[in-house]
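In: Curious how this folds, go ahead:
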Amino acid sequence: MELYEYTELSSRLEAIADFDDMSDDEKLGEIVNQLRPYLRNVIGATIGKGGEGKTTLATNLAYMLAEEQALRDAQGKSAKPVLYIELDHNGDGRLDLGLATSSFNDDGKALRDAITNDGNLKVVKNVRPFLDATVSGKHCADIAARITKLSDSHSLAAYLMLALLLAQISHLYRWIVLDFAPGDKAIQRTGLAAATHLVAPIRNTDNAALGGLATLTRLIRANRRLNPEAALTAIAFVGFRKVKDEPTAELLNVRAKIERLITGANMDPRLILNEFVRDARAIATLCRNHGRPAREFALAAAGQLHDERGELVPRPRDENGRYVDPEQSIKLADDYAGLARGVITRVRQRNSELRGNGNYELQGAS
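Out: Here you go, the predicted model:
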């Protein structure tokens, strides 16, 4: 791993300097339309409430997409790295990728300054093969207030700061996975202005989870002026029981509820992925505690993971000192692999339609 600093970025503050409350829609539309073609590889993981597995989904999706690029490279095919960006001040993504205790952990200071000012973007390169990441943390709690302050002077254009940043580096990455919080409107607007494809995880069966999904669809519609291309591209179930690799009645019931919800909102129920992640909370917790995505953790549990020197990584143990069950770890990893395939299939379909200026039939918001 190494810390890389993007030092030659154009000023985002200059790009929004001429915008204020009196700026007309046409002027805002011009800059938005210029940005959109550069951001069609940005996948946002978000939902309208917390506790639905957003960050775990995002880090595992980024890891699986990077693994695909590493495989392409090994086959002699063209490949580019994947970038993971977390806006949350909790910084759980750095735990999932083992960055929390590294020398690169600045608690999100550089990321905050890059998004809200003209600070250089700092990226940890090669967190894993073909996977780069920014570091989040307590300083990211300042992003919302700073963006809101900018909006006092520059109106809606302030929420384009992240989009303006990513548009300058997106050509260097095959995919950018953006993990942003459900709580604050400024963060939501900033993330929705940058992401083209939105993936919503569902972990709970209560009405709050359904309400969170409804909140997200309303936010997408409310932010059309900042991003006319943003759409809910996939709904992913995370943490539901599997019996003989089949869903139980619990998942079938919540799936039916969500189908009714999105059909009532004139959305296509095929947004709901058939692939889902099983309930394996003990192993998921160990993955985070060991700083490893599910696939990597499974390899370690099976005694097949090698470090950078080519030596075998010790098999992980649980809190009682017992070796982790490799079979259960592999099943969880396979679930995330299937989920990643489902997500990226829908993303590629949408991008094909967007390039052709068509209306994608699975579009998540009207």
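
In: and the longest helix for this protein?
Out: helix 326-355 (DSSP state H).

In: can you give me how far it is from the chain middle?
Out: What separates the centre of helix 326-355 from the centre of its chain is 13 Å, taken as Cα atoms, centre = their mean, to the nearest Å.

In: Could you verify that Glu229 is part of a helix?
Out: No. Under DSSP: H, G, I helix; E, B strand; the rest coil, Glu229 sits outside any helix and is assigned coil.

In: ok, now which ones touch it?
Out: Shown in contact with Glu229 (Cβ atoms under 8 Å, 6 or more residues apart in numbering): 36, 39-40, 196, 354. Bear in mind the C-beta positions are built from the backbone N, C-alpha and C, glycine included.

In: Phi and psi next, for the residue nearest to Asp335 when sequence neighbours are not counted.
Out: Spatial nearest neighbour of Asp335, chain neighbours left out: Val277 (4.3 Å); criterion: Cβ to Cβ, 6 or more residues apart in numbering. Backbone geometry at Val277, expressed as degrees, to the nearest 10, gives phi -100, psi 130.

In: what number of residues lie near Val277?
Out: Using other Cβ atoms under 10 Å, Val277 has 28 other residues around it.

In: I'd like to know how far it sits from Pro247.
Out: 11 Å (Cβ to Cβ, to the nearest Å).

In: And Ile272, by the same measure?
Out: Counting by Cβ to Cβ - Ile272 and Pro247 are separated by 12 Å.

In: which residues are common contacts for those two?
Out: Common neighbours of Ile272 and Pro247 (Cβ under 8 Å, 6+ apart) are Arg255.

In: Any regions of the chain where pLDDT drops low?
Out: 48-51, 182-183, 357-366 (pLDDT under 70).

In: where do the helices sit along it?
Out: Going by DSSP H, the chain shows helices at 12-16, 25-35, 54-74, 92-96, 109-116, 143-154, 161-167, 185-194, 207-222, 249-264, 281-290, 294-301, 326-355.

In: Distance to Pro316 and mean neighbour count added to these, as CSV?
Out: Output for the helices of the chain, formatted as CSV (distance: least, Cβ to Cβ, whole Å; neighbours: other Cβ atoms under 10 Å):
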stretch, distance to Pro316, mean neighbour count
helix 12-16, 42, 19
helix 25-35, 43, 14
helix 54-74, 17, 23
helix 92-96, 14, 24
helix 109-116, 29, 22
helix 143-154, 34, 18
helix 161-167, 34, 25
helix 185-194, 33, 24
helix 207-222, 31, 17
helix 249-264, 28, 15
helix 281-290, 5, 18
helix 294-301, 5, 24
helix 326-355, 9, 18
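
In: Switch the ones you listed over to CSV; also include distance to Gly44.
Out: As requested, those are exported to CSV (distance: least, Cβ to Cβ, whole Å):
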stretch, distance to Gly44
helix 12-16, 19
helix 25-35, 15
helix 54-74, 9
helix 92-96, 13
helix 109-116, 14
helix 143-154, 15
helix 161-167, 11
helix 185-194, 6
helix 207-222, 10
helix 249-264, 18
helix 281-290, 21
helix 294-301, 21
helix 326-355, 11
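
In: Tell me the one among the contacts of Glu229 nearest to Cys287.
Out: Nearest to Cys287 among the contacts of Glu229 is Thr196, at 28.2 Å by Cβ to Cβ.

In: Got phi/psi on that closest one?
Out: Torsion angles, degrees, to the nearest 10, at Thr196: phi -100, psi -40.

In: Could you measure from it over to Arg225?
Out: 16 Å.

In: Neighbour count for these two, which is higher?
Out: Thr196 (24 against 13).

In: who touches that one in this structure?
Out: So Thr196 contacts 36, 39-43, 227, 229-231, 350-351, 354 (Cβ under 8 Å, 6+ apart).

In: Next, the angle from the longest helix of the chain to helix 54-74.
Out: 80 degrees (axes from the mean of the first three to the mean of the last three Cα atoms, to 10 degrees).

In: one step back: so the residue nearest to Asp335 bridges to which residues?
Out: With DSSP bridges applied, Val277 shows beta-bridge pairing to Val238.

In: Gly239 is in contact with that one, correct?
Out: Yes. Between Val277 and Gly239 a contact is recorded at 6.4 Å, counting by Cβ atoms under 8 Å.

In: where do the contact lists of the two overlap?
Out: By Cβ under 8 Å, 6+ apart, the residues touching both Val277 and Gly239 are Gly53.

In: From Lys242, how far out is the residue nearest to Asp335?
Out: 9 Å.

In: And Ser155, by the same measure?
Out: From Ser155 to Lys242 the distance is 48 Å (Cβ to Cβ).

In: go on, Ala340?
Out: Ala340 is 17 Å from Lys242, by Cβ to Cβ.

In: repeat for Ala298
Out: Taking Cβ to Cβ, one finds Ala298 at 16 Å from Lys242.

In: Let me know the distance separating Arg260 from Gly239.
Out: For Arg260, the distance to Gly239 - Cβ to Cβ - is 21 Å.

In: I meant Asp279, not that one.
Out: Applying Cβ to Cβ to Asp279 and Gly239 gives a distance of 5 Å.
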